[in-house]
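> I need the structure of the sequence given here:
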Amino acid sequence: FGDSSYAAPESSSKLYSLPISELEAIVLDWLTRSGFEIQRSKLKMGDVRLTITRPAEKWQIVLKPHSELITEIHAGSSTIAPQRGSTIDRMAVYISEYIQAPAAQKEVSNQVIPPAILAQIGSVVCLKTKFRDKVSQHSGFVVDTQGLVLSTIHDVETFHDIKVTLYDGREITGDVIKKDLKQDLALIDIGSGVEHAISLAEGRNLLGMGERVYSVGCPVNLVGSVFAGIINGPPRRVNELTYWQVNMEIHPGSSGSPVFDVQGNLVGIVKGRYRGTQSIGFLIPLETIIAFVKEP
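Okay, here's the model as predicted:
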């Protein structure tokens, strides 16, 4: 991106000789590594908008396909007086290094956030519950295109007003139609058909130590935030229930996020984090999810 004085608001544009799907995967890879929370939304004409935030910094990045092989990135910041050598400059260097790298190296880099993970973002929802003056927010995902959403039950159980925000921005009132307090799962009916759903039948039960996984949720109400993690322990038994232990950033609002393997297959759902940490979390396994959904 060109040199500028970085007066607020800052904006810049640049063309890259990459298809939009590949460029988006590279950008999301770098942003995740850099600690940003990411909200992704699809715009008209195939454009993609990424709203990224971290303390004292917020950007909007729009990817616009000019052809099948050329994509423009436009980035703007509302941050006051960004420092020279800003986020977007560093990202541009990362993209340029990727383009110049050997093909084998590109493959490895691009697997940090595979396209299969990006394809699942449209099925993720944000849930906001309200009771009197208390508001709670967490994540969930569509498991049936008829309008069934799966999430964790804590917070939902004690709140009466449930608002579900879909990926396309629609906000719909949801009703809990099934719950299991012990397993911490809830099935919510939003009473409206949706286009995308995550397949339980194509999920995986068995994971390997050190296997990379990805959560997609809406911590701090940012739908489509992606976090990469590693299965770093064998299944744990807690109060007669089994959980996967994962090394992954888990923030307030992450509970209920679906978790996928590198092929985009569902492997679990974020239950929460170990107290006193932000990167040791526990996942409810797919086996528990399927048993809950199938219960009469």
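> Need the CA coordinates for whichever strand or helix holds V125. PDB is fine.
Per DSSP states H and E, V125 falls inside strand 124-131. Output of strand 124-131 as PDB, limited to C-alpha atoms (Å, rounded to 0.1, in the frame of the first residue of the first chain):
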ATOM      1  CA  VAL A 124     -22.900 -19.300  12.500                       C
ATOM      2  CA  VAL A 125     -25.200 -17.100  14.500                       C
ATOM      3  CA  CYS A 126     -25.000 -14.700  17.500                       C
ATOM      4  CA  LEU A 127     -27.300 -15.200  20.400                       C
ATOM      5  CA  LYS A 128     -28.300 -12.300  22.700                       C
ATOM      6  CA  THR A 129     -30.300 -13.100  25.800                       C
ATOM      7  CA  LYS A 130     -31.900 -10.500  28.100                       C
ATOM      8  CA  PHE A 131     -33.600 -10.700  31.500                       C
END
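> Now that strand: average pLDDT?
For strand 124-131, the mean per-residue pLDDT is 87.
> quick one: S11 from C218, how far?
According to Cβ to Cβ, to the nearest Å, S11 and C218 sit 26 Å apart. (Each C-beta comes from the backbone N, C-alpha and C, glycine too.)
> swap that for L23, please
According to Cβ to Cβ, L23 stands 24 Å off from C218.
> So between these two, which is more surrounded?
Just comparing L23 and C218: by other Cβ atoms under 10 Å the higher neighbour count belongs to C218, 27 against 22.
> Tell me which residue is most central in this structure.
V216 (2.5 Å; Cα atoms, centre = their mean).
> in the sheet, who's paired with that residue?
Beta-bridge partners for V216, by DSSP bridges, are V226.
> pretty sure it is touching G256, no?
No: V216 is beyond contact range of G256, at 10.9 Å (criterion: Cβ atoms under 8 Å).
> which neighbours do these two share?
F141 (Cβ atoms under 8 Å, 6 or more residues apart in numbering).
> sorry, back to before: for the strand holding V125, name the packing helices and strands.
Contact analysis of strand 124-131 by 3 or more Cβ pairs under 8 Å, 6 or more residues apart in numbering; DSSP states H and E lists strand 134-144, strand 148-151, strand 161-165 as its packing neighbours.
> Ok, which of the ones you listed comes nearest L241?
Closest approach to L241 among those is made by strand 148-151 (16.7 Å; Cβ to Cβ).
> So what are the sheet partners of that closest one and their directions?
In the sheet, strand 148-151 lines up with strand 134-144 (antiparallel), strand 185-189 (antiparallel) (DSSP bridges).
> got the angle for the shortest one vs strand 124-131?
Pointing back at strand 185-189 there. Strand 185-189 and strand 124-131 are oriented at 100 degrees to each other (axes from the mean of the first three to the mean of the last three Cα atoms, to 10 degrees).
> Nice, that's everything, thank you.
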